[in-house]
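>>> Show me how the following folds:
(chains A and B)
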2 protein chains.
Amino acid sequence: MSGSKTLTEAFEKAAYPLGGHGPRDVEVLRQAFEEVPGSMSSDMYGKGKAIEDFQSKMASYLGKEAAVFFPSGTMAQQIALRIWCDGKGLKRVAYHPLCHLEIHEQDGMKELHHIEAVLLADKERLITLDDVRQLEGEISCLLLELPQREIGGQLPPYEELEAISAYCREKGIRLHLDGARLFEITPYYNKSAAEICGLFDSVYVSFYKGIGGIAGAVLAGDASFTEQSKIWKRRHGGDLISLYPYIVSSEYYFDRRIGSMKRYYEEAKELAALYNACGGVSTRPEVPVSNMFHVHFKLPEEKAASILAHVAETTGVGLSAWLRETEEGACFFEISIGDRYANVPKEKIEEAFRLLGELMEEAMK
Amino acid sequence: MSGSKTLTEAFEKAAYPLGGHGPRDVEVLRQAFEEVPGSMSSDMYGKGKAIEDFQSKMASYLGKEAAVFFPSGTMAQQIALRIWCDGKGLKRVAYHPLCHLEIHEQDGMKELHHIEAVLLADKERLITLDDVRQLEGEISCLLLELPQREIGGQLPPYEELEAISAYCREKGIRLHLDGARLFEITPYYNKSAAEICGLFDSVYVSFYKGIGGIAGAVLAGDASFTEQSKIWKRRHGGDLISLYPYIVSSEYYFDRRIGSMKRYYEEAKELAALYNACGGVSTRPEVPVSNMFHVHFKLPEEKAASILAHVAETTGVGLSAWLRETEEGACFFEISIGDRYANVPKEKIEEAFRLLGELMEEAMK
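Presented below is the predicted three-dimensional model:
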């Protein structure tokens, strides 16, 4: 049995998992629908109160003229970029090398929309204003992901964001926000979602990250943009007869958790500090700027896995269910703080980190 | 107020609507999940028991090697045609002029996949073997929709289907089944779904027509085909983290209703005969071959609407909520028989058709 399999099993048995809101199970749906009257009508192919009310609510929250509910962010973002490309008559966009569209979507944007991607910055750092200034040739749209998930959830200073936005407006480049974790960064920037979105022409947000819904996304922008997005949604096969299972649950968990983003952020900082106090362990970013961060171990995956499994078995605290090997032969995992963290007794967390510190000290000798 | 608006209102108040299973409301979801344990895990991006078990069940039911669950038929069918086109290196397919891909999908197949469509037959009749034989130039795939919904749900003789299938195999043309209403035609052909699908290389079925689920589709074929379809599903943005709200409800209503297709079909024939006995009314097809048919009135829309509204208000029997004008200035509606029909008292139906007959006689003078 590999270390990782033992780790997953130990995590699943752990009484106190530290990340997330809870298991992704049918209970998530059941809770969201508990108070919904059975007589509530379905949305019908993008129309009806069930979808329109939530779209209006999100448009208003994001400070945009209109919003459209999508089954997925993959669909929403390809469509956003396609609309901006068609508007300019140039199928060329720029984004980070670890952008979701580049690494998680089987090249949908290229295969379906024939849009060329210019990769800005590199896999180790954020896109800067200089990267955008030095970009060769024209582009229709720049996509920024806030926070940049694949490097631990990092954020540029807000002033740099404003400068990039101003530069793009000056140059006629559309700015799109991959806001899969937008809600989660408002406490760090100390800005409303609408203020942040004000820097962008279009924005996508997700309802199953910090919000903890079942699935679903919203794409927002001006009304001409969102109307075009509905046509493309139909073309992609995303204009379902009924999206209400996702809409109702998205709204339910949005209402329930949108006020907790600051708490998740503070807890993430607290937890990261505990990791950074252990030898051979470091978080990225060192001080989180949202509810998420990566935890790196200066150990081979199998060794780190057996340590995490041992902590879970001994203390009941589940630090992670998995580890991923890095190119340097070390390993890391990602954690996002949700509702669970606050329910773990403080002494359990202390016990787990005392043990982790000891085991790491031993292993690093 | 237009006749049609009155009609919709009268239909909504009618105690005995004749078509469908019931309102498309949250109760549909609630019932499907009533007995599902809250601890049941979500599918995860196309993996896990929640999706794999149902895919296996449907593959077996359809007599295919493998099946993939999709959020929509729009997505599934574009992908099927794309795979067959890529396989042959020719982006050209043939289908009926009233094919769903041609009239309901905002040209997704053309805009996203750049596939050319050859339209066979015409808007008034089914595709025949001769149409396929006389097709000019090569195609990668022929799509047949059984039954052909937009002309009332018509079917070719089974022998013609077999001949088209044999011809396509001989010529190296892939045959794809738009089986949005496949379950509903098995009683007329007196064949299993697997027997019918045996004539096709790939097949799509829907879970919110005769089955009455919330949304969702399955695409089935050989394993190499379905594996490719998963890649395209990710590209389209249809590989959601959780599709279980649609999967669980699809399976629930499949199990509950698959055995009722014969009854719906028999009831459709009974109801069509009642319409055809009224002057100025005729059904298309005259004798239904599935649970669906169209009802045509030799009257302008407004006049027919006020008659149907009057029947609903007087007898409580809702014949239709809407009417569509034809090019000839007459009108029609579509009806699909589901669970509701059997629950309407026979004397209510008789009363409604006695009144409809009288009103039509009056109107046709």
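
>>> A:I185: how many residues sit nearby?
A count of neighbours around A:I185, defined by other CB atoms under 10 Å in any protein chain shown, yields 23. Glycine gets a C-beta too; all of them are placed from N, C-alpha and C.

>>> what's the nearest residue to it if we skip its chain neighbours?
A:S290 (4.9 Å; CB to CB, 6 or more residues apart in numbering or on different chains).

>>> Please list all residues in contact with that neighbour.
Applying CB atoms under 8 Å, 6 or more residues apart in numbering or on different chains, one finds that A:S290 lies in contact with A:147, A:153, A:155, A:181, A:184-185, A:188, A:264-265, A:268.

>>> Ok, A:H114 next?
A:K91.

>>> Quick check: it vs B:L62, distance?
Taken as CB to CB, to the nearest Å, the spacing of A:H114 relative to B:L62 amounts to 34 Å.

>>> which SS class is A:L143?
For A:L143, the reduced secondary structure class is strand; criterion used: DSSP: H, G, I helix; E, B strand; the rest coil.

>>> Confirm for me that it is in contact with A:H100.
No. Using CB atoms under 8 Å as the test, A:L143 is too far from A:H100 to be in contact (9.2 Å).

>>> so what sits against both of the two?
Common contacts of A:L143 and A:H100, defined by CB under 8 Å, 6+ apart, comprise A:77, A:178.

>>> between these two, who's got more neighbours?
More neighbours sit around A:L143 than around the other of A:L143 and A:H100, counting by other CB under 10 Å; the figures are 28 against 19.

>>> Just list whatever residues bridge to the more buried one.
A:L143 has these beta-bridge partners by DSSP bridges: A:H176.

>>> list the contacts for it?
For A:L143, the set of contacting residues under the criterion of CB under 8 Å, 6+ apart consists of A:77, A:81, A:93-96, A:99, A:101, A:176-178.

>>> Among these, which lie within helices?
Secondary-structure check on these using DSSP state H: residues within helices are A:77, A:81, A:101.

>>> top of the residues you listed by neighbour count?
Counting neighbours by other CB under 10 Å, A:Q77 comes out on top of the ones in helices among the contacts of A:L143 with 29 neighbours.

>>> That one - nearest residue in space that isn't next to it in sequence?
A:Y204 (5.3 Å).

>>> again with A:V118
A:A94 (4.2 Å).

>>> before we move on, back to that, what would the contacts of A:L143 look like in CSV with distance to B:K365 and pLDDT?
Conversion of the contacts of A:L143 to CSV gives the following (distance: CB to CB, whole Å; pLDDT from 0 to 100):
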residue, distance to B:K365, pLDDT
A:Q77, 61, 98
A:L81, 61, 98
A:V93, 66, 98
A:A94, 71, 98
A:Y95, 70, 98
A:H96, 74, 98
A:C99, 70, 98
A:L101, 65, 98
A:H176, 64, 99
A:L177, 66, 98
A:D178, 66, 98
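
>>> Please name the residues that touch A:R30.
Neighbour list for A:R30: B:33, B:38 [criterion: CB under 8 Å, 6+ apart].

>>> typed the wrong thing, it's A:V93
Taking CB under 8 Å, 6+ apart as the definition of contact, the neighbours of A:V93 are A:81, A:84-85, A:115-118, A:139-143.

>>> hey, what's it bridged with?
Beta-bridge pairing of A:V93 under DSSP bridges involves A:A117, A:C141.

>>> how much space is there between it and A:R149?
Counting by CB to CB, the gap from A:V93 to A:R149 is 18 Å.

>>> Could you do A:H296 as well?
A:H296 is 15 Å from A:R149, where distance means CB to CB.

>>> repeat for A:V68
Shown here: A:V68 relative to A:R149, a distance of 23 Å by CB to CB.

>>> So between the two, which is more surrounded?
Neighbour comparison, A:V68 and A:R149: the larger count goes to A:V68, with 26 against 22 (by other CB under 10 Å).

>>> these two touch, right, the more buried one and A:Q55?
Yes. Using CB under 8 Å, A:V68 is in contact with A:Q55, at 6.2 Å.

>>> Show me whatever sits in contact with both of those two.
Both A:V68 and A:Q55 are contacted by A:V218, under the criterion CB under 8 Å, 6+ apart.

>>> A:C168: what's its closest spatial neighbour, skipping adjacent residues?
Using CB to CB, 6+ apart and skipping residues adjacent in sequence, the residue nearest A:C168 is A:L175, 4.6 Å away.

>>> check contacts around that neighbour.
Shown in contact with A:L175 (CB under 8 Å, 6+ apart): A:141-142, A:144, A:164-165, A:168-169, A:199-201.

>>> Mind checking which of these are buried?
Neighbour-count burial (16 or more other CB atoms under 10 Å in any protein chain shown) applied to the contacts of A:L175 gives A:141-142, A:144, A:164-165, A:168, A:199-201.

>>> List just the nearest of those residues to B:E105.
Lowest distance from B:E105 to the buried ones among the contacts of A:L175 (CB to CB) belongs to A:C141, with 25.3 Å.

>>> give the contact list for the closest one.
A:80-81, A:84-85, A:93-94, A:173-176, A:201.

>>> And the pLDDT at the residue of the stretch 101-250 of chain A found nearest chain B?
Among all residues of the stretch 101-250 of chain A, A:G237 sits closest to chain B, at 2.7 Å; criterion: CB to the nearest CB. If you check A:G237, the pLDDT there is 98.
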